[in-house]
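Asks: This is the structure alone, sequence omitted:
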């Protein structure tokens, strides 16, 4: 769109980016020719839309053939009734992908469907392989060609190399070759497969619907389609669902869990429960902990909606300071937008987040957000609050400073832009123009979880990488 | 869209519908060839998008000619950079219109631009004329033809009949002929005009931007574009802005104000202040009043987001019961959607509003919403909350039962569907399946405002119509 | 389309432009709820597509209500099955409009549907009123407003002024007020009306289909839908078709016919017969006459396809020189196109008309076209033929030099660009670079028709205007 | 497209289907960052559009990287200025593909771009491999995966297996492994490659533009972009163009030529010259030969436009019977169409080909077409001609009966539908309802060419397959 830009991105760029969402379903009782599996996948992806808005796709199997439809856009833009009717079968998998202006390419959309000696396979994955470059070279040396730049194609080629073996053995072999964070949903003509990296970095859960099964990135997708949550897939576990029911293979001794802590802070939907912890509960608890750590004298607590709301409510609850709605979010944000001129600096933020002057005027305001990435949006918000008459603006961040790049499926390709990697807290405070700035401590963050520090990957905060990254690494998660 | 339906509408249908939003701007210091007026109108409409999502349009004047662009869809879909560049001039007016599947027609989009003996005029209006049928007949008898079914065309024809007179006199004459609720923004080649019905039913406010002026349905549009709020246009006032500055004509003794109280309850944006009252403050106060009137023993207060949130926070504040986020709203709702099958009854609601089981399980829940129209959505929400484990669900409604049709600009075309017109509170409670149901009282609602009962139209609640409606009346507001 | 331009127009701009095509149908035996009338109108417009590619529209009446759908684009782009299903009834009228980059405006699309005291009317017309400005002023003085710049709206307002009278009287009154060339198809809720200007400038014919009737600009539309041609509508005749059958009113003594001779030269389809003369036969006869008038020594005769083919065949037949296909037309021309750079001068023509070198190499070529407007395309074609090796290129034009503007429905808005208005034949020859250039003589052209000079308007060739044009006249036919 | 069908296909389905068109360009003097190579490829594909209307694509190389854009639709729909600007570099290749409702899939669009150990390669091909199934199995056994069903992916994998070798050797190796008819245009980051099967079944020619080179399926593409025709690529020849200029490798003794004779009959554009024979000349000569073989007493000769026109003119020339335009082709045929009802049987044909009654009425008509596939369209045309009053209709076919499937790049997937495989000439005559039916003889067809029978593949007519087909063969040409 010439001359336009994406206001959504303009603000959301100042957030970490989740790679993807995956969904898979097996419905043994559905009519083979029905579209029920694909239709339910559509609804599931719809519930996972927050994990990726760039592209969407669904593949279905009728037992003999795999059909595929995918494209750029939201689930509801890519998939319609007519498409669903062309995706028959008792099994389906689906995928949503995050927006990334530069590396986005229609070829990299998922699921990837391929034929190999053993038949057809459809693959969808969330995550990032840290040894992708090395694997790609090795495969190319053996004659493989690559039509995309996605990790998914590496997985496909590795699968094909082990195609003579039983499915569980082939997957086991693949898992022994790949390193990184990944949650994969895969489908042959008649089996649905899910597997998760040995540290459980990326989420994947299992549900039951009637006599069938669902695999999904988040439990909110299970709830939405009316499925019952069974359990999370274990780190290092392979699940194979077919005519003989569900089988589990714990392919390798699961390592100590290293669940991505950022899922709780920002990525996942508040109504999801991941690895035993409800996201809304975690966020609210972080708000309370933040209040315990950083109390300032103020009249009201406000949130940067929507991602800061749960923590702000927790902060208000713990501090006893009244929660108010000080920023109004415009819900009708289109995909493209006409660029404001230079004279209209604050327009970009006010179009999306307008202060409620009557609420903030003359008030000492505590503003809670879930995280700060580049700081530019926070700076604009603080500014418009002050213009609206806020006497003081104290910013509270419900996560620690983000100083380290992620290699396991989060887009920190712009990690040079992580403000906490360049400035200390006081420097950031000056940049955003707040009267005070407080982050939750790393310990405080961990204290929210029963397991404490155990079981999480918090490398973006503390630089402690659970999987060693050697040599050249691709920056982004889904498109290398 | 074959086979699909609009899930957004599926749920939002259970809300009253605002007619429209209007915006006008006069920028004497802009370059005559610049697109600044149209561009600012675009941003203003963007901020008023909640008042109408069906169609959008902008007309601009370069002093000699009026250019127009309008179409079906959101502002960001209808207007892009290329369009803006074809809308030069120092003046512009714009319009957004609400979605209405049946009566919607491209021909009824606004602004309406017409030529008459005196030149060109662009017109955009929000509201409804109660004597439209009569006026239309009278005009037709005098030879007028009508290409649309919109009131706007009646206004245009009436204007043309008085075209030999001075502009203020012509508008005065028109206002003496029309009856109803209306807020009109109009533009000749070189003057911007705004006028509001003598009871001030529909909102219209005035702002200043640099050396220019803005007229807008709500103050949030002024804030968004960086304009300063001056004041509301008075009931019965005509404002004419041109090269000689701003002139005001109080064309008739303004009647006792009869501001639409539903603007505060649901239509307007929380960050707007209308006729001296901030919307967020009013909603929160209604929540508090509701708590004073109807206290029930419960563990948590939750809102039906987004429209019930302010009142829910007020209820929680007053009652001391903890506010929790018990329903998660899916923010990625597309325009169309694949229809869930009969077996998936609750899917429609869960796709948009999923309960957070961890929050509501085992809890006695107070659920606050702003209003109930047909009750079908409330029924589904209560049901999914119970499925998610809520021990009790007590529904609190921050407005009184809506039993009467509106003739002044709100779509109650489906007033047969007003559940409160058919059932008493206990009947409604049984229908929605809540453990208890409480509405705020009419008196309680009025008590929230300093002026009390004076100054508002609450006819949809109490049947006291400020303007008499005689004979045949068209049902809907924007398309008769 | 940024950076692109319309190659189609790039070449076709060098042709006169027909205003429009009209179609109307009355099917008393169709089910009232069926879409048969609208569907047949779709096919009829499809056959008339050559008369206008800018916009298309259909209105249908179910006896009580008139429904309308119109839009920018080809018939097959604007109208689809879904649209047809929303156009029920036993009657329908349709319209196609020609492309004109500058004056084109969605508001000017037809049919125009309006309500007046007597009910609803749909109007579609082909032609141009020479007293449009005057009529518009008169109507405006009486209070009419105009939402478009089309003559159609003038007709609508005039109709409304006479609405108390019987339909035939109202139309008679309207015809007494308007001057110019016009063929109008009109529809009330239950009557289909056609009328043609008193000189019969623009074509309109009548056909029968089952027990119903059709009115159409050209007989090819009747053939296509399987209707039987009855006769042409007479100059000055009104035809009204309703439940009582067909009635004809010869409202005024028909003047001496002044049928537009350019319909035979270029506008109409070769398979149409207009006012008793088949277009293919006329074109072929003009080619033969041209051969009789201007014989040159040559090896082959080629056509500029497609409009020059019939005349070229006639020329070859008469001269005995072999007809060859020397220019290949690309049939896959899209709406938009990427602009060739300056270095690729001849590309624009070769993309659409590529010479067949094997046919023309070393040959003395007679190239026949139907007409020359600006001469720029002829110049490019001569050039590419010479590049392809043609020894000589003699251009034969099957119409006389076009030196005068048309005021009766043909777009000569760019009449300043009529090369024959600026240069004599030798000057034009030099401009286009042909070895010789011959036009058919005016007398020769007339000799082709039995009636001779009588009965035609050839004002664009001889300046003899059948209807006096006084005062200010709008340039283009369909958008004033 | 709900309810609509493709009228274009409705008629064109009754023609053989060409697989594809290819184009490649190397412009050493262009600025590396310019879009000149891609832009010229766009124009070239535009000229080759008749060889495939389903999808189009262009890949360009800037020396380091290969960019790709492709999609479903016509060249002018898929490629626009914005796309061209994203395809920089001195080299580009392009592809158009034919429409095939069933097997069409976005994944099978070309060019195919892949990365392998040696870098990046873009591939576009026209033709069909008869040992595709076997090759695919062999590659799969070695671990290859396939994401499409196109032969192109087999070629890509074979190339990758030989990537350590010099480019000419690698291509030679690939050519020794594949069997069938093919013309391939390929591009590495810095070399343009073309190669043609050893029998020269599918066409490919070489041209020069400024200091650069072009490879194209037909010479019309060279003419259109202003390039000079050098020569046809020889059967079994590899051409490699790079910084060291053009090199030719005759990889294997070229077999006796087996040029597809159907290119001359129907596929290629009349202004193309293929393997030394101009298409227009060949078609016209076939018409003359047909007249020599099958003279009938008749009044006029007409063509089924456009493909039958050249032969009809030849027939008229030889027989001395007057050529007339008896069928008018509608040039404004959209992609989709509203399906005529059963009652409107002949509508489908008349919408596209309407008889000119004035020309055929009372006449004994010879109707010439290039070929008959299923016969259904011929039957409809004969019928509408008789309805229009033709006294007799004698059908002349400028090719022999098509009785055998093609395995070298032509879609005879519906070969069961070849009417000549089921019925003899008299049976076909009865089916189509003509008064007589004559095909050119196989010998007569060959007599048109200097080389006679030598050098052509006419397997579809005589079943003499130049390349043995063993075992399982895929039916269609471009999607196996």
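Replies: That came in fine, so what should we check first? Just so we're clear, the structure is a prediction, and the values are computed from it rather than from any experiment. Numbers count the residues shown, from 1 in each chain, chains lettered A, B, ... in the order given.

Asks: Low-confidence bits of the stretch 1-150 of chain A, can you list those?
Replies: Residues of the stretch 1-150 of chain A that meet the criterion pLDDT under 70 lie in A:1-14, A:17-18, A:99-105.

Asks: Mind doing that once more with 50?
Replies: Scanning the stretch 1-150 of chain A for pLDDT under 50 picks out A:1-11, A:100-102.

Asks: Strands along that one, start to end?
Replies: Remark: strands assigned in the stretch 1-150 of chain A by DSSP state E, counting those that start in this stretch are A:4-5, A:17-18, A:20-26, A:55-61, A:66-72, A:91-97, A:112-116, A:119-129.

Asks: which other helices and strands contact the fifth one?
Replies: With contacts defined as 3 or more Cβ pairs under 8 Å, 6 or more residues apart in numbering or on different chains; DSSP states H and E, the packing partners of strand A:66-72 are strand A:55-61, helix A:75-78, strand A:119-129. Any C-beta I mention is one placed from the backbone N, CA and C, and that applies to glycine too.

Asks: if we can go back for a sec, go through the strands of the stretch 1-150 of chain A and pick out the most buried.
Replies: Scoring these by mean neighbour count under mean count of other Cβ atoms under 10 Å in any protein chain shown gives strand A:91-97 as the most buried, with a mean of 32.

Asks: Can you spell out which helices and strands pack onto it?
Replies: By 3+ Cβ pairs under 8 Å, 6+ apart, strand A:91-97 packs against strand A:20-26, helix A:36-47, strand A:55-61, strand A:119-129, strand A:180-188.

Asks: Provide the strand pairings for it, with the direction of each partner.
Replies: strand A:20-26 (antiparallel), strand A:55-61 (antiparallel) (DSSP bridges).

Asks: Please dump the ones you listed into a markdown table; it should also carry distance to residue D:169 for every row.
Replies: Putting these into a markdown table (distance: least, Cβ to Cβ, whole Å) gives the following:
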| stretch | distance to residue D:169 |
| --- | --- |
| strand A:20-26 | 42 |
| strand A:55-61 | 39 |
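
Asks: Quick one: closest of the ones you listed to residue B:355.
Replies: Of all the strands paired with strand A:91-97, it is strand A:20-26 that lies closest to residue B:355, at 20.0 Å by Cβ to Cβ.

Asks: now that closest one, how far from the centre of its chain.
Replies: Mean-position distance between strand A:20-26 and its chain equals 13 Å (Cα atoms, centre = their mean, to the nearest Å).

Asks: Flag every buried residue along the longest helix seen in chain A.
Replies: Taking DSSP state H as the assignment, the helix of chain A that covers the most residues is helix A:279-293. Judged by neighbour count using 16 or more other Cβ atoms under 10 Å in any protein chain shown, the buried positions of helix A:279-293 are A:279-291.

Asks: Name the strands paired with whatever helix or strand comes next after that helix and say parallel or antiparallel.
Replies: Per DSSP states H and E, helix A:279-293 leads on to strand A:300-303 as the next helix or strand towards the C-terminus. When pairing is defined by DSSP bridges, strand A:300-303 lines up against strand A:322-323 (parallel), strand A:364-369 (parallel).

Asks: Just say which of those is most tucked in.
Replies: Of the strands paired with strand A:300-303, the one with the most neighbours on average (mean count of other Cβ under 10 Å) is strand A:364-369, at a mean of 26.

Asks: what's in contact with it?
Replies: A:287, A:290, A:296-304, A:307-308, A:311-312, A:315, A:319, A:321, A:326, A:378, A:381-382, A:385, A:390-398, A:434 (Cβ atoms under 8 Å, 6 or more residues apart in numbering or on different chains).

Asks: And the buried ones among the residues you listed, selectable in ChimeraX?
Replies: Those of the contacts of strand A:364-369 that meet the burial criterion (16+ other Cβ under 10 Å) are gathered into one ChimeraX selection, given here:
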select /A:287,290,298,299,300,301,302,303,304,307,308,311,312,315,319,321,326,378,381,382,385,390,392,393,394,395,396,397,398,434
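
Asks: before we move on, the earlier item: okay if I get the strands paired with strand A:300-303 as JSON lines plus distance to residue C:51 and mean pLDDT?
Replies: Putting the strands paired with strand A:300-303 into JSON lines (distance: least, Cβ to Cβ, whole Å; pLDDT from 0 to 100) gives the following:
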{"stretch": "strand A:322-323", "distance to residue C:51": "67", "mean pLDDT": "98"}
{"stretch": "strand A:364-369", "distance to residue C:51": "62", "mean pLDDT": "98"}
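
Asks: Strands of the stretch 301-450 of chain A, start to end?
Replies: Counting by DSSP E, counting those that start in this stretch, the strands of the stretch 301-450 of chain A are A:322-323, A:327-329, A:337-338, A:353-355, A:364-369, A:392-397, A:410-411, A:436-439.

Asks: and residue A:106, how far is that from residue D:84?
Replies: Here the criterion is Cβ to Cβ, to the nearest Å. By it, residue A:106 lies 17 Å from residue D:84.

Asks: That should have said residue A:61, apologies.
Replies: Counting by Cβ to Cβ, the gap from residue A:61 to residue D:84 is 39 Å.

Asks: Residue A:183 is in contact with residue A:217, isn't it?
Replies: Yes. Using Cβ atoms under 8 Å, residue A:183 is in contact with residue A:217, at 6.4 Å.

Asks: Which of these two has more residues huddled nearby?
Replies: Applying other Cβ atoms under 10 Å in any protein chain shown to residue A:183 and residue A:217 shows that residue A:217 carries more neighbours, namely 34 against 27.

Asks: Spatially nearest residue to that one, not counting backbone neighbours?
Replies: Setting aside the residues directly before and after it, residue A:217 is nearest to residue A:21 in space (Cβ to Cβ, 6 or more residues apart in numbering or on different chains), at 4.4 Å.

Asks: can I assume the one you found is in contact with residue A:96?
Replies: Yes. With contacts defined as Cβ under 8 Å, residue A:21 counts as touching residue A:96 at a distance of 4.6 Å.

Asks: Overlap in contacts, those two.
Replies: Taking Cβ under 8 Å, 6+ apart as the contact criterion, the common neighbours of residue A:21 and residue A:96 are A:45, A:48, A:49, A:51, A:52.

Asks: Which member of the residues you listed is positioned nearest residue A:362?
Replies: Proximity of the shared contacts of residue A:21 and residue A:96 to residue A:362 (Cβ to Cβ) peaks at residue A:49, which lies at 39.5 Å.

Asks: So for that closest one, what's the nearest residue that isn't a sequence neighbour?
Replies: residue B:332 (3.8 Å).

Asks: separation between the residue of chain A positioned farthest from its centre and residue A:385?
Replies: When distances are taken from the C-alpha mean of chain A, residue A:362 lies farthest, 38.2 Å away, according to Cα atoms, centre = their mean. Look at residue A:362 and residue A:385: by Cβ to Cβ, they are 12 Å apart.

Asks: got it, and residue A:84?
Replies: Spatial separation of residue A:84 from residue A:385 under the definition Cβ to Cβ is 45 Å.

Asks: if we can go back for a sec, which residues are in contact with both of residue A:183 and residue A:217?
Replies: Where contact means Cβ under 8 Å, 6+ apart, the residues bridging residue A:183 and residue A:217 through contact with each are A:22, A:126, A:202, A:203, A:204.

Asks: The residues you listed into CSV, with extra columns for distance to residue A:350?
Replies: As requested, these are arranged in CSV below (distance: Cβ to Cβ, whole Å):
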residue, distance to residue A:350
A:22, 36
A:126, 34
A:202, 36
A:203, 35
A:204, 39
